[in-house]
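K.L.:
how does the following fold in three dimensions:
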Amino acid sequence: MITIHEAINAVKNNITPLFKEETKPLERCGGYHLSKDIVSPVNMPPFRQSAMDGYALYLHNDLSYNLVDEVKAGDHHQPVLKPGEAVRIFTGAPVPETANAVMMQEKVVVDGSKITVESDVLEGHNIRPMGEQVKTGELALKKETKLTPAAIGYLTSLGITEAQVFQKPSIALITTGNELVEAGAPLTYGKIYESNSKMLLNALYNLKFYDVTIHKIEDHYIQTKNKLEAVINNNDLVIATGGISVGDYDFVGKALKELQVKEVFYKVKQKPGKPLFFGKKEDTAIFALPGNPAAALSCFYAYVYIALQKMMNKGTVELPRVKAKSISKFDKKGDRPQFLKAIYNNDHVEILEGQNSSMLQTFALSNALVFVPEDVSRININDELEVILLPV
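P.N.:
This next block holds a predicted model:
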């Protein structure tokens, strides 16, 4: 059995970035990182553009102008102005080449075909120059930029429809147990509804990992071995829940050994989640999490999260940790470090009731985990605690 610190370092040291690339439609690139620089194919804006509703002016030595035309957004005609002439113009419309300033409509008095501006206007005022954001051939976004909604909107505005990105890992989720039935089915005596697959699937979706398949197997050795072999051969990451302990019907560990999966570690001195397995077979990483739902999710955030970030070549791979003052009391039993479900708010943290590894109700209310070292046996109000912030 190893320590939490040793387990975290083992995950970091045994996971390498995927560096696989794929081309995807831009609208499906949210959360991905660019694998190549993107150069702008156009000027943005592609023409001199009015920054507001108002009047485009050919400046002269007077505050009065003759109104000769109108240009709306989307118009392609180019009125030719003489000094002292103006056109009505709207936000986003192309500014005539002979106009050299735009005055906002609130500062203009209109009298038929005559307008008077309230004050002198500086040349270039309220005109967005062609290529102000980016010019044709310039770097639009550099390699490894995360494609946020704003980034996708920006690239779309340049006429780009697809991007080359680092491929995200393919992930298989396996749940084991004869006692498990699907939600919605009749709950007969001795059975429980299976929740780990939906829980972990949505944890992955929340982190923008969508290439996920779910596999459910009963406590049957050959079936367990065959399914594990298939998913290990076809995925970058395998996450199993249940069947990793030492019971008569816990077959995951035995199957992994027969499949010659290299054990990096098995069992971590922690609560919840002591029976945690991490291993590798060639380039595939395998985690076998405890079957108890709260323990499985705690291990996901403490270890699987790190593996996912390493695969994506992130600079920061652990969830953020902050210090906060406790507004709760808590007595820790035993000598194992603990991850406690908690609510963090404004530099204070509340440790919740119901810390049992099988209970998800408390976890459903949590936005953080409090880490309690092994040498701490009691938490008092106003004690400073280490808090792991969960993804929102």
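K.L.:
residues near the closest residue to Val134 other than its chain neighbours, how many?
P.N.:
Nearest residue to Val134 in three dimensions, chain neighbours excluded: Ser40, at 4.5 Å (Cβ to Cβ, 6 or more residues apart in numbering). All C-beta atoms are positioned from the backbone trio N, CA, C, and that covers glycine. Counted with other Cβ atoms under 10 Å, residues neighbouring Ser40 total 22.
K.L.:
which ones are touching Ser40?
P.N.:
By Cβ atoms under 8 Å, 6 or more residues apart in numbering, the contact list for Ser40 reads 134-140, 158.
K.L.:
mind doing that once more with 6 Å?
P.N.:
For Ser40, the contact set (Cβ atoms under 6 Å, 6 or more residues apart in numbering) comprises 134, 138, 140, 158.
K.L.:
need the phi and psi values for it.
P.N.:
phi -70, psi 130 (degrees, to the nearest 10).
K.L.:
same thing with Lys36?
P.N.:
phi -140, psi 150.
K.L.:
nearest residue to it in space, please, no chain neighbours.
P.N.:
Closest to Lys36 by Cβ to Cβ, 6+ apart is Gln164, at 4.8 Å.
K.L.:
so which elements touch the helix or strand that neighbour falls within?
P.N.:
In this assignment (DSSP states H and E), Gln164 forms part of strand 162-166. Other elements packing on strand 162-166 under the criterion 3 or more Cβ pairs under 6 Å, 6 or more residues apart in numbering; DSSP states H and E are strand 21-25.
K.L.:
next SSE downstream of the strand it packs on?
P.N.:
strand 38-39.
K.L.:
can you give me how far the helix or strand just after that next one is from the chain middle?
P.N.:
Reading on from strand 38-39 to the C-terminus, the next helix or strand found by DSSP H and E is strand 49-50. Taking Cα atoms, centre = their mean, to the nearest Å, one finds strand 49-50 lying 35 Å from the centre of the chain it belongs to.
K.L.:
is it true that Ser357 lies in a helix?
P.N.:
No: checked against DSSP: H, G, I helix; E, B strand; the rest coil, Ser357 lies outside a helix; its state is coil.
K.L.:
and it, what is it in contact with?
P.N.:
Ser357 touches 272, 292, 294-295, counting by Cβ under 6 Å, 6+ apart.
K.L.:
distance of it relative to Ala288?
P.N.:
Separation of Ser357 from Ala288 (Cβ to Cβ, to the nearest Å): 15 Å.
K.L.:
then Ala51?
P.N.:
From Ala51 over to Ala288 (counting by Cβ to Cβ), the distance is 59 Å.
K.L.:
who has more neighbours, the two?
P.N.:
A count of neighbours by other Cβ under 10 Å puts Ala288 above the other of Ala51 and Ala288, at 30 against 15.
K.L.:
my read: that one touches Ile244, true?
P.N.:
Yes: judged on Cβ atoms under 6 Å, Ala288 makes contact with Ile244 at a distance of 3.9 Å.
K.L.:
list the residues that contact both of those two?
P.N.:
By Cβ under 6 Å, 6+ apart, the residues touching both Ala288 and Ile244 are 252, 277.
K.L.:
and the closest residue to Val87 other than its chain neighbours, helix, strand or coil?
P.N.:
Setting aside the residues directly before and after it, Val87 is nearest to Asp69 in space (Cβ to Cβ, 6+ apart), at 4.3 Å. Of the three states, Asp69 takes strand under three-state DSSP.
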